[in-house]
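Enquirer: Kindly return the folded structure for what I paste below:
(one chain, ligands or ions: 2)
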Amino acid sequence: MTEAVQTPHVGKAQFTPRVFSGIQPSGGLTLGNYLGALKRFVAMQDEGMETIYCLVDLHAITVWQDPERLRQQTREAAAAFIAAGIDPVKSILFNQSQVSAHAELGWIFNCVARLGWMNRMTQFKDKVGKNAENASLGLYAYPSLMAADILVYHATHVPVGEDQKQHVELTRDIAAKFNHDYKVDFFPLTAPVIEGAATRVMSLRDGSKKMSKSDPSDQSRINLTDDADTIAAKFRKARTDAELLPDTPDGLDGRPEARNLVNIFAALADISVEEVLAQYAGQGFGTFKPALADLAVAKLSPISTEMQRLMADPAEIDRILGNGAERADAIAQPILARTLDIVGMIRSRR
Ligand code: AMP
Ligand code: TRP
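Expert: Ligands and ions are numbered 1, 2, ... in the order given. From the prediction side, this is the model:
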């Protein structure tokens, strides 16, 4: 399904295709994370690309996190990745803070990115609302660290949900400005990979809001750890309209809640929206919601069962993350070293 992955080049430099992506361990993972990101991560791994996946704990603390819960959530997210099909041998799986090159390159990028660019970031504006004075400096600099996550591996492709598109575009702007300012063809211009029927899964309570692990209402989301009864109850209570399902996707225009449930169905079943409608046109939500709940339970319960099994051995998860961090570090260090040379830093420590 992934669009033909081309070997990108910048000037004379050629870059081998390499995939990087990250998820914040700032709460339990949701169906949005699964369909928008995790499922795509597994697909790219299984297409045989070099894949690097990261639990971005340094990003998570841009908003205060209870230390013990952060550790727990990081392990739980790692378990979710593995349970969903990430093979820690084929892919590199680790937590960000174990590879210090991310933070070091992040600082250099803070000196490349412009305030004007940061001020346009919609995620920051949405998160702080009218309360920007009280937000952390880290939350503001967040997209610059994200650019470092990606570029410290010279990653060429970044699978993400729709909401991260602007951050990947900023990553390209940072790479281009660095290359220009230092007259090098050093960083690739990374492409976002936004694919699938559910690149923006919406809240089950409000079709205009993204499904999010930080939404105060647990009813708004499906968590990967929800049991079958909870999943069924949440879909049953999901907000919808009183109309029947249409026979073409156009018929979902102006019906955000209905469109969201159809998209979720399509993404879970690996079929198109047209195929879902071919099956359910003319039916009401009384029929569609239970079918969707059954499908979601069938797809998600093996993942949550496997997560629970993995969570019983936290030391093993930590070992996997440590291993992944060593492999990641081996790629990142030489790229960071060359960056420091380009910028004009003395490196004389042995
Ligand atoms: P986050 O939970 O913000 O760290 O997001 C991790 C990944 O999941 C990113 O690639 C997001 O774009 C993706 N993601 C998060 N929420 C959703 C959603 N509601 N729909 C689709 N993708 C999402
Ligand atoms: N900002 C991303 C999110 O909240 C998480 C993230 C951090 C990320 N670094 C990344 C995603 C690098 C892709 C690549 O969803």
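
Enquirer: in the stretch 101-250 of the chain, which spans are helices?
Expert: In the stretch 101-250 of the chain, helices defined by DSSP state H, counting those that start in this stretch lie at 101-110, 115-118, 122-128, 137-151, 165-181, 228-237, listed in chain order.

Enquirer: okay, the ones you listed, which one's buried deepest?
Expert: Highest mean neighbour count among those (mean count of other Cβ atoms under 10 Å): helix 137-151, with a mean of 22. Heads up, the C-betas are built off the backbone N, CA and C, glycines and all.

Enquirer: I'd like the helices of the stretch 101-250 of the chain written out as a markdown table, with mean pLDDT added.
Expert: As requested, those are exported to a markdown table (pLDDT from 0 to 100):
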| stretch | mean pLDDT |
| --- | --- |
| helix 101-110 | 98 |
| helix 115-118 | 98 |
| helix 122-128 | 94 |
| helix 137-151 | 98 |
| helix 165-181 | 98 |
| helix 228-237 | 96 |
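
Enquirer: looking at the ones you listed, which is closest to residue 330?
Expert: helix 101-110 (10.5 Å; Cβ to Cβ).

Enquirer: Is that closest one in proximity to ligand 2?
Expert: No. Using Cβ under 6 Å from any ligand atom, helix 101-110 stays clear of ligand 2, coming no nearer than 8.6 Å.

Enquirer: what about that helix, distance to the chain center?
Expert: 20 Å (Cα atoms, centre = their mean, to the nearest Å).

Enquirer: Where does pLDDT dip in the stretch 1-150 of the chain?
Expert: Where the stretch 1-150 of the chain drops to pLDDT under 70, the residues are 1-7.

Enquirer: and the gap between the closest residue to ligand 1 within it and residue 88?
Expert: Nearest residue of the stretch 1-150 of the chain to ligand 1 (Cβ to the nearest ligand atom) works out as residue 36 at 2.0 Å. In this view, residue 36 and residue 88 are 22 Å apart by Cβ to Cβ, to the nearest Å.

Enquirer: out of these two, which sits in the more crowded spot?
Expert: residue 36 (27 against 19; other Cβ atoms under 10 Å).

Enquirer: secondary structure class for the more buried one?
Expert: Using DSSP: H, G, I helix; E, B strand; the rest coil, the structure places residue 36 in helix.

Enquirer: can you pull the contacts of it?
Expert: Contacts for residue 36 (Cβ atoms under 8 Å, 6 or more residues apart in numbering) come out as 160-162, 196, 198-201.

Enquirer: near ligand 2 too, which of the residues you listed?
Expert: Contacts with ligand 2 within those, as defined by Cβ under 6 Å from any ligand atom: residue 160.

Enquirer: wait, which of the contacts of residue 36 is closest to residue 101?
Expert: Closest approach between the contacts of residue 36 and residue 101, by Cβ to Cβ: residue 160, at 21.1 Å.

Enquirer: Distance-wise, check residue 81 relative to residue 156.
Expert: 21 Å.

Enquirer: List phi and psi for the residue nearest to residue 267 when sequence neighbours are not counted.
Expert: Spatial nearest neighbour of residue 267, chain neighbours left out: residue 198 (3.6 Å); criterion: Cβ to Cβ, 6 or more residues apart in numbering. As for residue 198, its main-chain torsions (degrees, to the nearest 10) stand at phi -130, psi 70.
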